[in-house]
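# Build me a model:
(one chain, ligands or ions: 1)
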Amino acid sequence: MVRFAGISKTYPAYRGKPGVNALQNIDFAIPRGSITGVIGRSGAGKSSLVRIINGLEKPTTGRVIVDGRDISALAGRELRLAQRSIGMIFQHFNLLSSRTAADNIALPLEIAGWSKADIKARVTELLALVGIADKHDRYPSELSGGQKQRIGIARALATRPSVLLSDEATSALDPQTTRAILDLLANINRELGVTIVLITHEMSVVRQLAKDVVVLDAGHVVESGHVADIFTHPKHPITQSFLAEVIGDSLPVSLASRIVAAPSAGGQAVIRLQVRGAGAGDTLVARLARELGLDVSLLSARIDEIGGQQVGSLVLGIPLGIPGEDAVTRTLAFLSQHQFPAEHLGYVA
Ligand SMILES: Nc1ncnc2c1ncn2[C@@H]1O[C@H](COP(=O)(O)OP(=O)(O)OP(=O)(O)O)[C@@H](O)[C@H]1O
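Numbering: from 1, shown residues only. Presented below is the predicted three-dimensional model:
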């Protein structure tokens, strides 16, 4: 388990630059064996947080407890020993170009004083675990980004850590390789029980791998909890903006170009609504038609899944035919009553 208790981090003023409160009042726990995403925009404090977990940075106040030990209180040899139980992988892999794949993986074991025979056996095991047994004697320059990250993962796991910190580990990889690396991390979590902390600015990474999420903004935790709960009911604007990256709020060009501000006889009002929660959108159009007696049409739909819950947006066309009745007001009231956030975008002919 990793527990932050009252953590704050202030970088002092330096050469005319003002001091920075990078983290403030951070209190949360990452359960043992979980996969937790820490998501935030650039400058939110993610790297500061991760450096505090592995003791590379001291917090200004507070403690970080990893498996019962207060990492922030350790120094010297004690800290180095504790760091063996915290592996880390990086965006740019941080491999030594003069060493082969096997020798890169061996490095932390050499530092830990393992015998040559034990190192050889462990490296062979790790290369197989990360799926590159055939790359034993290859140098980093001969390998793809995904293969280099596999070496990074093997090296991070060499001393059998209980926690693996991933600092933007897939940010330099293409989507297909990212998927393969995230699948590998999921397997490692499942098979070895390693707690994984994923530091990322990418919603797709959190969505694919994490079960829990902590949303950081300007040095504060603004939301935390299960991925499905947080992203089906996002409260903070930052969380909402991450969600928008997945579901998008852009309209198909063919529809957007037809929307005008004023209604025309026989036309339709255009209403966009957000759908969140299991199966929420499925019956909505039918219920609107039945309960309001409207011949609603579906102009566009985009539904995705996060943590097994549906999130997305539907764009509805509401017929304007009945004089004296405001179909738009009735539809918006119905959607609001059933807690679907909605907006009236205009009209199409
Ligand atoms: N060593 C340092 N000295 C001074 N300020 C720092 C230092 N490291 C980080 N900061 C500042 O602290 C704040 C948080 O930075 P941090 O790198 O932790 O954020 P981040 O979320 O990881 O951002 P990014 O994704 O861009 O790396 C920023 O305002 C940054 O400029």
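# quick one, strands of the chain?
2-11, 20-30, 35-39, 61-66, 69-70, 86-90, 163-167, 195-200, 212-217, 220-226, 268-276, 297-306, 309-319, 342-348 (DSSP state E).
# could you dump the ones you listed to TSV with mean pLDDT and mean neighbour count?
C-betas here are computed from N, CA, C, even on glycine. Listed next are those as TSV, based on pLDDT from 0 to 100; neighbours: other Cβ atoms under 10 Å:
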stretch	mean pLDDT	mean neighbour count
strand 2-11	96	18
strand 20-30	95	18
strand 35-39	96	26
strand 61-66	96	18
strand 69-70	94	14
strand 86-90	96	23
strand 163-167	96	24
strand 195-200	96	24
strand 212-217	96	24
strand 220-226	95	17
strand 268-276	88	22
strand 297-306	85	16
strand 309-319	86	20
strand 342-348	91	16
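# Can you add distance to the ligand and give these back as a markdown table?
Shown next, in a markdown table, are the strands of the chain (distance: least, Cβ to the nearest ligand atom, whole Å):
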| stretch | distance to the ligand |
| --- | --- |
| strand 2-11 | 3 |
| strand 20-30 | 3 |
| strand 35-39 | 9 |
| strand 61-66 | 14 |
| strand 69-70 | 21 |
| strand 86-90 | 12 |
| strand 163-167 | 8 |
| strand 195-200 | 7 |
| strand 212-217 | 7 |
| strand 220-226 | 12 |
| strand 268-276 | 27 |
| strand 297-306 | 22 |
| strand 309-319 | 24 |
| strand 342-348 | 31 |
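# Quick one: name the residues of the stretch 1-150 of the chain near the ligand.
Counting by Cβ under 6 Å from any ligand atom, the stretch 1-150 of the chain comes close to the ligand at 11, 20, 22, 40, 42-48.
# before we move on, the earlier item: Serialize the strands of the chain to JSON lines and add fields for distance to Gly248.
Formatted as JSON lines, those follow (distance: least, Cβ to Cβ, whole Å):
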{"stretch": "strand 2-11", "distance to Gly248": "33"}
{"stretch": "strand 20-30", "distance to Gly248": "29"}
{"stretch": "strand 35-39", "distance to Gly248": "18"}
{"stretch": "strand 61-66", "distance to Gly248": "37"}
{"stretch": "strand 69-70", "distance to Gly248": "44"}
{"stretch": "strand 86-90", "distance to Gly248": "30"}
{"stretch": "strand 163-167", "distance to Gly248": "26"}
{"stretch": "strand 195-200", "distance to Gly248": "19"}
{"stretch": "strand 212-217", "distance to Gly248": "19"}
{"stretch": "strand 220-226", "distance to Gly248": "21"}
{"stretch": "strand 268-276", "distance to Gly248": "11"}
{"stretch": "strand 297-306", "distance to Gly248": "6"}
{"stretch": "strand 309-319", "distance to Gly248": "7"}
{"stretch": "strand 342-348", "distance to Gly248": "15"}
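# who wins for proximity to Ile259 among these?
strand 342-348 (4.2 Å; Cβ to Cβ).
# That closest one packs against which elements?
strand 268-276, helix 327-337 (3 or more Cβ pairs under 8 Å, 6 or more residues apart in numbering; DSSP states H and E).
# Run me through the strand neighbours of the first one, direction for each.
Spelled out, it's strand 268-276. strand 309-319 (antiparallel), strand 342-348 (antiparallel) (DSSP bridges).
# In the stretch 201-349 of the chain, which residue sits closest to the ligand?
At 5.7 Å from the ligand, His201 is the closest residue in the stretch 201-349 of the chain, using Cβ to the nearest ligand atom.
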